[in-house]
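Visitor: mind folding the following:
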Amino acid sequence: MPSRRALLRSGALAATAGLAGCSALAGDGPVPLPAATPGPDDWPTDGYDRRNTRYNAGASVSDAEPTPRWSREFLFCHDPVVRGTRVVLNAGTREREFTVGVRATDGSEVWRSASEPWGYPTPTLGAERAYVTGPDCAFGVDLATGEETWRGDPCEGANTASGTIADGRLYLEYGGYLSALDATGKRRWATSHEARANPTIVGDTAYVATGFTVAAVDLTATAREWPWEDPDGDSPAYADRRAARKWQEPPRSNVVGSRYYHSPAVSDSLVFATASREDRPGGALRALARTNGDERWAVASPPDRDPGEELRDAPDPVSDPVPPVVTDDLVVTSLGDRQVLALDHGGEIQWRRSLAHSVTELAVAGDTVVAVTHDRSVDHTAEGHGGLVALDLESGGRRWSLGFDDHVSGLALAGGTVYVTVVVDRDAEGDVVGKRLLALS
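Guide: Here you go, the predicted structure:
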């Protein structure tokens, strides 16, 4: 029989703001985290900024084919993030995992954390620290020294996603709740919402992907201590999901239907979310109104068609959509069909570019789109062909491409440099036993 907390988390028990016996979250005034607005030399989180635009407007990428400026090898490592002269990523040996900081200038290792991260979730870089999710806690290490200087309070499991820094707080799914932690690590607010990957924060709203929906969450909703919760248990004071929800699309969360695995990206008026199909490759990019979640337009692969409409000529998708890039006037995406597609914010296609291989990541620096590609004729967990392709943002024209013998991942564009990780060695069973962090310029 599910626990009472599980029932609450699933929405089976409703709560109202006026319920007797509830007490609002109290405490001293919040201590803010230092401001950390990203600039041209930064790529501080997976989505670049708190809107998850994956667009570094002030950065640049070489018009000619770049060459390795430096590289650093690990037994395994994950996606890099960048703050000025520091590149940070989770890595490991057979004995332990750690967060490592290297110099952006030459790739030399500066520090390794004593605290243990949880593999894949990418660190989030603030003004002074790297905030890292671990199996038992979230922790922060000094960007200059790697010394742990911050820890979540209370210390709870935070191994599911990265965080987003906004308005002096770190927002992430923490201990099973979408939470806001301050500069002392104290949880200042929580709600019973899921948040896959790093939440998108704009003003007093968080836009999150829950797996089955995209939701807008009111960050000012009152967090309460519910009388039926065990005061000595692991449930914080929290806002019930229905009280905190501004809107959700689709309105009902169903196990059958589209899947939303990536954090949405947000412009001034729209929320852009890529939806994977439940049972086959391909999917859609949906543009939803920020105010109420109404769909303004959508583009899909394979293309949606009305009953009786003839099939349109289009490539068959072979993989899932990737998170979109949102610039001032364009949305750039790939929907699993070996194409990069650029649309204006009204949904009109401006250009499309067919590639030889499937697109697994996209990012933009200045006027250049960079795509990570993979040969889907080879299983993604086996040795295969990876690559990078650079396109002109305005026209989609090809600028350069690079090929690799194995997988490429972890795209970050900062300071005129393309950072990626590449697989360089496998054992007899095909398991990865060597990865390289590359700085290309």
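Visitor: go through stretch 391-407 and flag the buried ones.
Guide: Using 16 or more other CB atoms under 10 Å as the burial criterion, the residues of stretch 391-407 that qualify are 391, 393, 396, 399-400, 402, 404, 406-407. C-beta here means a position set from N, CA and C on the backbone, and glycine is covered the same way.
Visitor: now the strands for the stretch 201-350 of the chain?
Guide: Along the stretch 201-350 of the chain, counting by DSSP state E, counting those that start in this stretch, strands occupy 205-209, 214-218, 224-225, 245-249, 265-266, 270-276, 283-289, 295-301, 325-326, 330-333, 339-344, 349-354.
Visitor: what's the neighbour count on Ala300?
Guide: Using other CB atoms under 10 Å, Ala300 has 19 neighbouring residues.
Visitor: my guess is it contacts Leu335. True?
Guide: Yes: here Ala300 reaches Leu335: they are 6.9 Å apart, a contact under CB atoms under 8 Å.
Visitor: okay, now the unreliable bits of the stretch 51-200 of the chain?
Guide: When residues are selected by pLDDT under 70, those of the stretch 51-200 of the chain lie in 159-160.
Visitor: and the helices in it?
Guide: Counting by DSSP state H, counting those that start in this stretch, the stretch 51-200 of the chain forms no helices at all.
Visitor: give me the distance between the two termini of stretch 191-208.
Guide: Distance across stretch 191-208, first residue to last, is 12 Å (CA to CA, to the nearest Å).
Visitor: buried residues in it?
Guide: Residues of stretch 191-208 classed as buried under the neighbour-count rule (16+ other CB under 10 Å) are 191-202, 205-208.
Visitor: check stretch 420-427 too.
Guide: Using 16+ other CB under 10 Å as the test for burial, stretch 420-427 gives 420-424.
Visitor: now do that stretch, average pLDDT.
Guide: What stretch 420-427 shows for mean pLDDT is 94.
Visitor: how about it as CSV, C-alpha atoms only?
Guide: C-alpha atoms of stretch 420-427 as CSV (Å, rounded to 0.1, in the frame of the first residue of the first chain):
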residue,chain,number,x,y,z
VAL,A,420,32.8,18.6,-25.7
THR,A,421,33.6,15.2,-24.3
VAL,A,422,34.5,12.3,-26.6
VAL,A,423,34.8,8.6,-26.0
VAL,A,424,38.4,7.4,-26.8
ASP,A,425,38.6,3.9,-25.5
ARG,A,426,36.4,0.8,-24.8
ASP,A,427,37.1,-2.6,-23.3
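Visitor: hmm, who's touching that stretch?
Guide: Stretch 420-427 is contacted from outside by 73, 77-80, 89, 372, 383, 386, 388, 404, 406-412, 432-438, 440, using CB atoms under 8 Å, 6 or more residues apart in numbering.
Visitor: end to end, how far does stretch 327-338 reach?
Guide: 21 Å.
Visitor: so which bits of that stretch are buried?
Guide: 327, 330-338.
Visitor: about what we covered before: now distance to Trp150 too, for the strands of the stretch 201-350 of the chain, in JSON lines please.
Guide: Output for the strands of the stretch 201-350 of the chain, formatted as JSON lines (distance: least, CB to CB, whole Å):
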{"stretch": "strand 205-209", "distance to Trp150": "21"}
{"stretch": "strand 214-218", "distance to Trp150": "24"}
{"stretch": "strand 224-225", "distance to Trp150": "25"}
{"stretch": "strand 245-249", "distance to Trp150": "30"}
{"stretch": "strand 265-266", "distance to Trp150": "27"}
{"stretch": "strand 270-276", "distance to Trp150": "31"}
{"stretch": "strand 283-289", "distance to Trp150": "35"}
{"stretch": "strand 295-301", "distance to Trp150": "40"}
{"stretch": "strand 325-326", "distance to Trp150": "30"}
{"stretch": "strand 330-333", "distance to Trp150": "35"}
{"stretch": "strand 339-344", "distance to Trp150": "39"}
{"stretch": "strand 349-354", "distance to Trp150": "43"}
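Visitor: re earlier: buried subset of the contacts of stretch 420-427 as a PyMOL selection?
Guide: Typed into PyMOL, the line below selects the buried ones among those, using 16+ other CB under 10 Å:
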select buried, resi 77+78+79+80+89+372+386+388+404+406+407+408+409+410+411+412+432+434+435+436+437+438+440
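Visitor: related to what we said a few turns ago, Glu348: which of the buried residues of stretch 391-407 is nearest?
Guide: Nearest to Glu348 out of these is Gly396 (CB to CB; 14.2 Å).
Visitor: got a list of what that closest one touches?
Guide: Listed by CB under 8 Å, 6+ apart, the contact set of Gly396 reads 340, 342, 350-353, 369.
Visitor: residues making contact with the helix or strand hosting Lys435?
Guide: Lys435 belongs to strand 432-440 when elements are defined using DSSP states H and E. For strand 432-440, contacts defined as CB under 8 Å, 6+ apart pick out 66-77, 80, 87, 89, 102, 104, 107, 388, 402, 417-427.
Visitor: mind checking which of these land in strands?
Guide: 68-74, 76-77, 87, 89, 102, 388, 402, 417-426 (DSSP state E).
Visitor: against Trp247, how distant is the residue lying closest to Arg286 once chain neighbours are set aside?
Guide: In space, and not counting its chain neighbours, Arg286 is closest to Ala298: 4.6 Å by CB to CB, 6 or more residues apart in numbering. Per CB to CB, to the nearest Å, Ala298 is found 17 Å from Trp247.
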